[in-house]
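Trainee: Sequence and predicted model, in that order:
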Amino acid sequence: YRTVREEIEKALDRQIDDVFDFFDPEPIGAASIGQVHRGTLTTGEDVAVKVQYPGVVASLDSDLKNLGSLLTLGRAFAEKERLDAYLDECKRAILEEADYVREAESMARFNTLLDDFEGVRAPRPFADLTRGNVLLLLPGVLALIVWRHRASPRRWLAFGFVFLVFCQAPQLPFALHNYG
């Protein structure tokens, strides 16, 4: 927990107690680059808090450089420009995936698309409390649960697919626990 606390405080430039009335030190979910915790802001909102493991971006960058070195061996089978373009695209995509500010911006755009759909709550990020390695968001409800009884099966599946692709539902256990 000490590492998580330090990462949050360093990212937000505030003590954790100045941001949260409650912060659960036990993660509710974990992935390869970070974990998700429950929290309650001092303003009263229950939030999901994604915290990236320290050094993830540097490690990814190092691994991608090593991949580039390995790809030089592939020059016997493909053009250098093609391999370089492939590596550049891999680097861009992987490093974008590790950028929580970019993820928050994508969520905000997705929420704009959902504004007209009554009863659908997608995760809503707190832009002022989001940094490259820390993301705070109001958890949403997996749209399939809300729409299940009002939409055709085809629309239900299509909407669910779009929701998962764009939001990736990292906070799903928290959302289902609180709203399900």
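Mentor: Cool, the structure landed. Note that the coordinates shown come from a computational prediction; the quantities given were computed from them, not determined experimentally.
Trainee: tell me the helices in this structure, going along the chain?
Mentor: Using DSSP state H, the helices of the chain run over 2-12, 16-19, 56-71, 80-97, 100-114, 143-147, 153-167, 172-179.
Trainee: Could you figure out how far the fifth one is turned away from helix 80-97?
Mentor: Going by axes from the mean of the first three to the mean of the last three Cα atoms, to 10 degrees, helix 100-114 is angled at 80 degrees with respect to helix 80-97.
Trainee: Quick one: list the elements packing against helix 100-114.
Mentor: strand 124-125, strand 134-138, helix 153-167 (3 or more Cβ pairs under 8 Å, 6 or more residues apart in numbering; DSSP states H and E). C-beta coordinates here come from the backbone N, C-alpha and C atoms, glycine included.
Trainee: Next, the buried residues of it.
Mentor: In terms of neighbour count (16 or more other Cβ atoms under 10 Å), helix 100-114 has its buried residues at 100, 103, 104, 107, 108, 110, 111, 114.
Trainee: again, but for the third one
Mentor: Neighbour counts using 16+ other Cβ under 10 Å place 57, 60, 64, 71 of helix 56-71 among the buried residues.
Trainee: other SSEs contacting that helix?
Mentor: helix 80-97.
Trainee: Just the buried residues of the helix it packs on, please?
Mentor: 83, 87, 91, 94.
Trainee: Contacts for it, please.
Mentor: 33, 57, 60, 61, 64, 67, 68, 71, 72, 74, 75, 102 (Cβ atoms under 8 Å, 6 or more residues apart in numbering).
Trainee: Look up the closest residue to residue 75, ignoring the ones flanking it.
Mentor: Nearest in space to residue 75, with sequence neighbours left out and distances taken as Cβ to Cβ, 6 or more residues apart in numbering, is residue 83 at 6.5 Å.
Trainee: distance of that neighbour from residue 64?
Mentor: 13 Å (Cβ to Cβ, to the nearest Å).
Trainee: Likewise for residue 16?
Mentor: 32 Å.
Trainee: ok, residue 26 - contacts?
Mentor: residue 37.
Trainee: from here on, count from 14
Mentor: Taking 14 as the first residue, the last one we looked at is residue 39.
Trainee: for it, phi and psi?
Mentor: Residue 39 adopts backbone torsions of phi -90, psi 120, taken as degrees, to the nearest 10.
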